[in-house]
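1. This is a predicted model, with the sequence first.
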Amino acid sequence: QVQLVESGGGLVQAGGSLRLSCAASGRTFSSNIMGWFRQAPGKEREFVSAIRWNGGRTWYADSVKGRFTISKDNAKNTVFLQMYSLKPEDTAIYYCASRIHYSESPVSTADYNYWGQGTQVTVSP
């Protein structure tokens, strides 16, 4: 089992920045890729970004490219999502997730094995 705890959400004005953190514990050696997803009210959970523990390859949704940066601290088993130029449409609950198996396109929620409880991000106009 891998336990994931997100933090760093909050309320910010449009154009502002936030940094989310996801601390992993438990059988972290079984984790290959860490992902960030988000879910807005009335919408499906969608892929935001992902990073591979070994090597650091990254993936981004088109909607956040150039504004969000994913990074990791292997020693602390922590993944970060730095969000810049936030827009009201970025408002959602942001979830951290871990998957065991590598994929060239780790964008599907179904392929992740463990999930955090989520952290709310609200961007006001």
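-> Now that the structure is in, tell me what you want to look at. Numbering: from 1, shown residues only.
2. these two touch, right, Ser124 and Gly10?
-> No. In this structure Ser124 lies outside contact range of Gly10 using C-beta atoms under 8 Å: 11.0 Å. Using the backbone N, CA and C atoms, a C-beta is placed for each residue, glycine as well.
3. How about the spatially most central residue of the chain, nearest residue that isn't a chain neighbour?
-> Residue closest to the average C-alpha location in the chain (C-alpha atoms, centre = their mean): Trp36, at 2.0 Å. Spatially, and ignoring its direct neighbours in sequence, Trp36 is nearest to Val48 (4.3 Å; C-beta to C-beta, 6 or more residues apart in numbering).
4. same check, this time on Leu4
-> According to C-beta to C-beta, 6+ apart, the nearest residue to Leu4 is Gly116 (3.7 Å).
5. Test my guess that that neighbour contacts Cys96.
-> Yes. Using C-beta under 8 Å, Gly116 is in contact with Cys96, at 4.2 Å.
6. mind listing the strands for the chain?
-> Ranges of strands in the chain, per DSSP state E, are 2-7, 10-13, 18-26, 33-39, 46-52, 58-60, 68-73, 78-83, 92-99, 114-115, 119-124.
7. Make TSV out of these and add mean pLDDT and distance to Val107.
-> Formatted as TSV, the strands of the chain follow (pLDDT from 0 to 100; distance: least, C-beta to C-beta, whole Å):
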stretch	mean pLDDT	distance to Val107
strand 2-7	96	18
strand 10-13	98	25
strand 18-26	96	17
strand 33-39	97	8
strand 46-52	97	4
strand 58-60	97	7
strand 68-73	97	13
strand 78-83	98	15
strand 92-99	97	11
strand 114-115	97	15
strand 119-124	98	19
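8. out of these, which comes closest to Ser105?
-> strand 58-60 (7.3 Å; C-beta to C-beta).
9. what lines up beside that closest one in the sheet?
-> strand 46-52 (antiparallel) (DSSP bridges).
10. And the partner strand, how far out from the chain middle?
-> 6 Å (C-alpha atoms, centre = their mean, to the nearest Å).
11. Could you list the alpha-carbon positions for that strand in PDB?
-> Below are the C-alpha coordinates for strand 46-52, written out as PDB (Å, rounded to 0.1, in the frame of the first residue of the first chain):
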ATOM      1  CA  GLU A  46      -9.100  14.800 -15.500                       C
ATOM      2  CA  PHE A  47      -5.400  14.400 -16.000                       C
ATOM      3  CA  VAL A  48      -3.200  17.400 -15.200                       C
ATOM      4  CA  SER A  49       0.400  16.200 -15.000                       C
ATOM      5  CA  ALA A  50       2.700  13.300 -14.200                       C
ATOM      6  CA  ILE A  51       6.300  12.500 -13.400                       C
ATOM      7  CA  ARG A  52       8.300   9.400 -13.400                       C
END
